[in-house]
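**Q** Need coordinates for the below:
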Amino acid sequence: MSISIFIPAYNASRHIENVIIRIPAALSGSLHRIYIVNDGSTDETSAVINKLSMHNNRICAIHFEHNKGYGCAVREGLRLCCADGCDYAVCLHADEQYPPEVVIDFIETMKSGKIDLLQGSRIASGTALSGGMPLYKFIAGKILTTLENLVLGLGLTDYHSGMLFYSRKTLNKIRFDKLSTSFDFDLEVIAALRTAGLRVSELPIPTRYASEKSYLNPLTYGLRVLRVLFRYMLGYYSKCII
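**A** I've put the predicted structure just below:
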């Protein structure tokens, strides 16, 4: 079994090294590649990830000359994972919001449950507010999740978490290049898998909000979520399936 990790990074120079350090040593036997996709950062992110790649030959540094958006960075990471032959691909974020420590347990759950896409849920853990999630995000997320479950029928608790685990079946089945270049990319992945009849599930993860800066506009994001749901009802995502 081989696992590749990809990390979209934008102005994350203070956190990205800790993300790498926190990847469990027990994963080393299965770890194939770590792709860090620098999305046109204007801080020291480029230098930090170049240094990391020099000291670890499994780390591949990818640099966008200009900021292209979260979806583009994730798409690039998935493209590389699709090409490298890994059995599972894992998306972590460069701001340390998502725990690398749970990767092994999540993969084992995917294997035993034959799950095609597994999402880390901050809401299911019951730690959203105690972990620092702003109240407005918590409330807005609850409202959007209710709508998402009505349309998608999956019964998930946190469609807006970016901690996603992809099976090889998913990597081969979904045309990620047809999906969003913005923060609604992850939700579009779920909508595409639902259209394809693949299995989507979730496991709880602890919530961590600290000093990192969010580049997500809540209003714009909310409108994008509604667009994804509308597109799903119209059958749009059938063209995103191979």
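**Q** C-alpha from now on. contacts and neighbour counts both.
**A** Will do.
**Q** Identify the residues contacting residue 40.
**A** 10, 63-68 (Cα atoms under 8 Å, 6 or more residues apart in numbering).
**Q** Out of the residues you listed, give me the two with the largest separation.
**A** Farthest apart among those by Cα to Cα are 10 and 65. That separation is 11.8 Å.
**Q** Could you check which of these two has the larger neighbour count?
**A** Neighbours of residue 10 and residue 65, each counted by other Cα atoms under 10 Å, are more numerous for residue 10; the result is 26 against 10.
**Q** hang on, the earlier thing: overlap in contacts of residue 10 and residue 65?
**A** 39-40.
**Q** From the contacts of residue 40, pick the one nearest residue 174.
**A** residue 68 (21.0 Å).
**Q** Apart from its neighbours in sequence, what residue is nearest residue 8?
**A** Distance criterion Cα to Cα, 6 or more residues apart in numbering; nearest residue to residue 8, sequence neighbours excluded, is residue 37 at 4.9 Å.
**Q** That neighbour reaches residue 12, doesn't it?
**A** No - between residue 37 and residue 12 there is no contact under Cα atoms under 8 Å: 11.0 Å.
**Q** the bottom helix or strand of the chain by mean pLDDT?
**A** helix 135-152 (a mean of 92; mean pLDDT, DSSP states H and E).
**Q** on contacts alone, who are the packing partners of whatever helix or strand comes next after it?
**A** Moving toward the C-terminus from helix 135-152, the next helix or strand (DSSP states H and E) is strand 164-167. Helices and strands touching strand 164-167, by 3 or more Cα pairs under 8 Å, 6 or more residues apart in numbering; DSSP states H and E, are strand 88-91, helix 103-113, strand 117-121.
**Q** Now for the residue most central in space within the chain: which residues touch it?
**A** The residue lying closest to the centre of the chain (Cα atoms, centre = their mean) is residue 162, at 3.5 Å. If a contact means Cα under 8 Å, 6+ apart, then residue 162 has 91-93, 119-120, 186 as its contacts.
**Q** Quick one: the strands in this protein, in order.
**A** 3-9, 31-39, 59-64, 88-91, 117-121, 164-167, 200-204 (DSSP state E).
**Q** roughly how far out does the longest one sit from the chain middle?
**A** Meaning strand 31-39. 13 Å (Cα atoms, centre = their mean, to the nearest Å).
**Q** try the last one
**A** Going by Cα atoms, centre = their mean, the spacing between the C-alpha centre of strand 200-204 and its chain's C-alpha centre is 13 Å.
**Q** Average pLDDT for that strand, rounded please.
**A** Averaging the model's pLDDT scores along strand 200-204 yields 97.
**Q** what lines up beside that strand in the sheet?
**A** According to DSSP bridges, strand 200-204 forms sheet pairs with strand 117-121 (parallel).
**Q** Now do the contacts for the nearest residue to residue 175 once chain neighbours are set aside.
**A** Distances taken as Cα to Cα, 6+ apart put residue 240 closest to residue 175, at 4.9 Å, once the chain neighbours are dropped. Contact analysis of residue 240 by Cα under 8 Å, 6+ apart lists 174-176, 178-179, 192.
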